[in-house]
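Asker: The sequence isn't on hand, but the structure is:
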């Protein structure tokens, strides 16, 4: 039996919404990894990448030791996969055209960059780690701004929430570039708004999935 178009849309939204909600597990992975450190992990000054260091030989380059580095590095990779799955499955919430294509491209960059951050830990190759990790800072916040513009006509309140998250992330990026404030805080200010936003977007999509059953939906 052939599945109807509305049914396929419903399934896509369920998968995409669930994928984005599951990104919340990243926060659990960060807490678990940080608590396993033999010395206190300080959110204020330690970067997220410090959690993924694989060496513990005590040298100047690897003074940080993260026994559960595999947990956070796996979380980076899983987050990348879930970002991409959610973006593809929920794309029809955005109007067709250039905004949708740009948003999908940005989500793709953010997803690949996030995943590669876990594949190349900072102590394995610091330069390459920075190269692969930097795009997600830009792409995830830019994606939220594009989505906010695309949603504004139909879901104004959620569009405003999306834009707010994007702007907070941009402020965090600016603070990093200007070296304003402790790095651990500014880095999270640049990254966390997106993580929070995708979870709320996934929940909102699951609640609004009936909208996609309409045959007039683009």
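Answerer: Sure, I can see it. In this text the structure is predicted, and so the values were computed from the model without any measurement.
Asker: any idea of the pLDDT on the spatially most central residue of the chain?
Answerer: Nearest to the mean C-alpha position of the chain, counting by C-alpha atoms, centre = their mean, stands residue 195 at 4.7 Å. pLDDT recorded at residue 195 is 97.
Asker: Check which helices and strands the helix or strand where it lies sits against.
Answerer: With elements taken from DSSP states H and E, the one containing residue 195 is helix 183-207. Under the contact criterion of 3 or more C-beta pairs under 8 Å, 6 or more residues apart in numbering; DSSP states H and E, helix 183-207 touches helix 5-22, helix 69-89, helix 126-151, helix 156-177. For glycine as for every other residue, the C-beta is placed from the backbone atoms N, C-alpha and C.
Asker: same for the very next helix or strand once past the second one, what does it pack against?
Answerer: Same thing as helix 69-89. Counting by DSSP H and E, the next helix or strand C-terminal to helix 69-89 is helix 98-119. When contacts are defined as 3+ C-beta pairs under 8 Å, 6+ apart, helix 98-119 packs onto helix 69-89, helix 126-151.
Asker: Residue 97 is nearest to which of these?
Answerer: Closest of the helices and strands packed on helix 98-119 to residue 97 is helix 126-151, at 8.8 Å (criterion: C-beta to C-beta).
Asker: so how far is the closest one off the chain centroid?
Answerer: Centre-to-centre, helix 126-151 and its host chain are 9 Å apart (C-alpha atoms, centre = their mean, to the nearest Å).
Asker: got the helices and strands packed on helix 183-207 as TSV, with mean neighbour count and distance to residue 204 columns?
Answerer: Putting the helices and strands packed on helix 183-207 into TSV (neighbours: other C-beta atoms under 10 Å; distance: least, C-beta to C-beta, whole Å) gives the following:
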stretch	mean neighbour count	distance to residue 204
helix 5-22	18	8
helix 69-89	21	12
helix 126-151	20	10
helix 156-177	18	6
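Asker: Now tabulate those helices in JSON lines and tack on mean pLDDT.
Answerer: Output for those, formatted as JSON lines (pLDDT from 0 to 100):
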{"stretch": "helix 5-22", "mean pLDDT": "89"}
{"stretch": "helix 69-89", "mean pLDDT": "97"}
{"stretch": "helix 126-151", "mean pLDDT": "96"}
{"stretch": "helix 156-177", "mean pLDDT": "97"}
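Asker: Identify whichever of these lies nearest to residue 108.
Answerer: Among those, helix 69-89 comes nearest to residue 108, with 6.3 Å by C-beta to C-beta.
Asker: and residue 189, how far is that from residue 204?
Answerer: 23 Å (C-beta to C-beta, to the nearest Å).
Asker: What of residue 37?
Answerer: 35 Å.
Asker: just to revisit the earlier point, Throw the helices and strands packed on helix 98-119 into JSON lines and include distance to residue 120, thanks.
Answerer: As requested, those are exported to JSON lines (distance: least, C-beta to C-beta, whole Å):
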{"stretch": "helix 69-89", "distance to residue 120": "9"}
{"stretch": "helix 126-151", "distance to residue 120": "5"}
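Asker: hang on, isn't residue 72 packed against residue 53?
Answerer: No: applying C-beta atoms under 8 Å, one finds residue 72 not in contact with residue 53, separated by 9.7 Å.
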